[in-house]
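Enquirer: This is a predicted model, with the sequence first.
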Amino acid sequence: MSRPRRARSWSGLLLVLALVAVGCTSSSSAAGCEETLPGVRPGLCPIAEEDRQPAPTDVMPVLGEDGEEFTIADLQGRVVVVNFWASWCGPCRVEQPHLNAAFDMLPEDEVAFVGVNIEDAHANALAHQNEFDIPYPSLFDPDNVYASRYGGVGARTIPTTLFLDDQGRVAARLFGSPRDAIEVTALAEAVARSGEPASAAAGS
């Protein structure tokens, strides 16, 4: 059952027609958003559509589900929040309640969440998942083979959260922990709006 849409203070987000790569990337075209996104730190914004790259679609095992496998490709049509984490990562523990809250705030039929657990022991990862009662599935990637294909995500770069557009392309990057649930939901909302026709976005 889809979660009800919560009324949001950022409902006035405008479609940004010339968004560029997130400011903390190494892209030579990196710059700030043309518009400030409510609830989001300056410099964090969706990647321009022409610069977006498809996310890897490998079939991966699901943490805690014996024999169950999953691929990001199954979620095309929705914005996908992909969070990379490990049980030994202190900031990952700090951010998890914000991610759980953001999951509750966004409609499941429009935004999906997926975790990717990296370089971790299965028992420790499962204990972390149970401790925080994570409401969405995590892929188990103990050798960091899958995560490394996302622009070098690894032990030294987590926590990292990526936002995929409804075509399965990386549309925004958040390196480090989000400051709160609002930042996560605002970025997901901005990515969703970046794919809307200008007339639809302006009228929302």
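Expert: Sure thing, it's come through. Numbering: from 1, shown residues only.
Enquirer: what residues are up against Gly154?
Expert: 118-119, 144, 147-148 (C-beta atoms under 8 Å, 6 or more residues apart in numbering). Any C-beta I mention is one placed from the backbone N, CA and C, and that applies to glycine too.
Enquirer: whoops, Arg169 was the one
Expert: Per C-beta under 8 Å, 6+ apart, neighbours of Arg169: 52-55.
Enquirer: Over to Val116?
Expert: By C-beta under 8 Å, 6+ apart, the residues touching Val116 are 60, 82-85, 138-139, 141, 146-147.
Enquirer: These in strands, which ones?
Expert: 60, 82-85, 138-139, 141 (DSSP state E).
Enquirer: For the residue lying closest to Val82 once chain neighbours are set aside, give me phi and psi.
Expert: Closest residue in space to Val82, ignoring its immediate chain neighbours: Leu162 at 4.6 Å, by C-beta to C-beta, 6 or more residues apart in numbering. Reported as degrees, to the nearest 10, the phi and psi values for Leu162 are phi -110, psi 150.
Enquirer: how many neighbours does Leu162 have?
Expert: 21 (other C-beta atoms under 10 Å).
Enquirer: so of the contacts of Gly154, which ones are in helices?
Expert: Applying DSSP state H to the contacts of Gly154, no entry is found in helices.
Enquirer: Select only the buried ones of these in PyMOL?
Expert: The buried residues among the contacts of Gly154 can be selected in PyMOL (16 or more other C-beta atoms under 10 Å) with this line:
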select buried, resi 118+119+144+147
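Enquirer: Brilliant, that's me finished.
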